[in-house]
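Novice: fold the stuff below for me.
(2 chains)
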Protein chains: 2
Amino acid sequence: MQNHYPPTLKKLIEALSELPGIGEKSASRLSLFLLSRPGLCEILGDLIKELPYRVKLCKYCRNLSEEEICGICQDETREKEKICIVENPVNLLHIEKTGIYRGYYYVLHYLLSPKEGFGPRELGLENFLKLIVERKIKEVILALSPTLSGEATSSYIAELLKAYPVTVSKLACGIPMGMEIQFADPLTLKKAFQGREVLKGG
Amino acid sequence: MQNHYPPTLKKLIEALSELPGIGEKSASRLSLFLLSRPGLCEILGDLIKELPYRVKLCKYCRNLSEEEICGICQDETREKEKICIVENPVNLLHIEKTGIYRGYYYVLHYLLSPKEGFGPRELGLENFLKLIVERKIKEVILALSPTLSGEATSSYIAELLKAYPVTVSKLACGIPMGMEIQFADPLTLKKAFQGREVLKGG
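Specialist: Numbering: from 1, shown residues only, chains lettered A, B, ... in the order given. The predicted structure is shown next:
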């Protein structure tokens, strides 16, 4: 495809192809587009180069931050005794957008996955356990996806927290709002039964 | 979506969203991926910044090149008396890959399109006409897409070349190889009839 492209263009196409979801064809298209936008090249090139130097992990919750302590951890209006464990910054934002939760967070960045070589050590929970003690946390909410590795990680953390005087909860599993029951998979339906909400005592 | 992202990340997402086919969601995903690959950030950032300074247009054919004269124009084994007019470097490569054509090229970069404000002036055909005389070109092959603007541009160039002692040809329109006739659109079928190839004289 790129046999006759100039070397810089070839290298750019190669580098762009390393990005997730971008194949050689998209990479070519993007490169040729960039060629027509020198102003954007200047801005984008600088931003990409600076990114790893500027954006770090918050000292406390490991959320992305350009300061030592992220905006959420600096926010003193938050409910101080709750910590919500999330897999990554995207999930954290997704929860923030709902406005349902006003406590602090802890970002794992990894889930347990023996296949990919992510064991308990990679989760790096030492700081998290320290936070629980120091901040006198009363509830840990596990907000990991109900997938194989999410569930494994939740169980592992719940087990670990048995030694601490905290409530540990996990997001409810059930039928998504708006979905017809006939389309819910059996496992979800089972979870929805197990977690059924009592509307009126008998 | 990105309310709680650090400023550099926000700006990067914004800049990436300007690329064709990349929405805010993909831009977020790409940015977070880049964050996990500082080595790639370094390489990619440099390449994007250098791109517009390194890659220019060939002095003769206006194909992309890092040298004043591109590889094809420097290739003396080519058929010297033919020039193929293409819309852009991608189409040029597409033709090169087939190996069917061994002459030179001229890249327009634009097609006539009054709507988008691309008139004859933007086509910049002065150099092309000079080349035709200087190189004693005998055939000009119009290899533009059979679209509205492609056809308009082909007609315009053919008209322009009436004053020059050159053969002007245009790529054949017809049913694509492997397509069943029932699926060919009426206009294509009409073109296929008009351009039918005589297999045996009567």
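
Novice: list the contacts of stretch A:45-58.
Specialist: Outside stretch A:45-58, the residues that touch it by C-beta atoms under 8 Å, 6 or more residues apart in numbering or on different chains are A:63-70, A:72-73, A:107, B:6, B:8-9, B:11-12, B:15, B:31, B:34-35, B:38, B:41-42, B:44-50. (C-beta placed from N, C-alpha, C; glycine too.)

Novice: point to the residue nearest the middle of chain A.
Specialist: Centroid check for chain A by C-alpha atoms, centre = their mean gives A:Asn88 as the closest residue, at 1.5 Å.

Novice: so which of the contacts of stretch A:45-58 belong to strands?
Specialist: Under the assignment DSSP state E, the contacts of stretch A:45-58 contribute A:64-65, A:107 to strands.

Novice: hey, where'd the strands end up in chain A?
Specialist: Assigned by DSSP E, chain A shows strands spanning A:56-57, A:64-65, A:79-86, A:103-107, A:139-142, A:167-170.

Novice: number of residues surrounding the nearest residue to A:Glu42 once chain neighbours are set aside?
Specialist: Leaving aside its chain neighbours, A:Glu42 sits nearest to B:Lys49 (6.3 Å; criterion: C-beta to C-beta, 6 or more residues apart in numbering or on different chains). Per other C-beta atoms under 10 Å in any protein chain shown, the neighbour tally for B:Lys49 reads 19.

Novice: mind showing which ranges of chain A have poor pLDDT?
Specialist: Chain A contains residues with pLDDT under 70 at A:1-3, A:200-201.

Novice: measure the residue nearest to A:Glu42 to B:Asn63 for me?
Specialist: B:Lys49 is 23 Å from B:Asn63, where distance means C-beta to C-beta, to the nearest Å.

Novice: cool, and A:Glu79?
Specialist: Distance, A:Glu79 to B:Asn63, by C-beta to C-beta: 62 Å.

Novice: between these two, who's got more neighbours?
Specialist: Each of A:Glu79 and B:Asn63 has its neighbours counted (other C-beta under 10 Å); B:Asn63 has more, 25 against 12.

Novice: that one: what's it in contact with?
Specialist: B:Asn63 sits next to A:4, B:57, B:70, B:72-73, B:89, B:92, B:105, B:107 when contact means C-beta under 8 Å, 6+ apart.

Novice: I'd say A:Ile85 and A:Leu142 touch.
Specialist: Yes - counting by C-beta atoms under 8 Å, A:Leu142 is a contact partner of A:Ile85 at 5.3 Å.

Novice: so what's in contact with these two at the same time?
Specialist: Joint contacts of A:Ile85 and A:Leu142 (C-beta under 8 Å, 6+ apart) are A:Ile157.

Novice: and the two? which has more neighbours close in?
Specialist: Remark: of A:Ile85 and A:Leu142, A:Ile85 carries more neighbours, 23 against 19, as counted by other C-beta under 10 Å.
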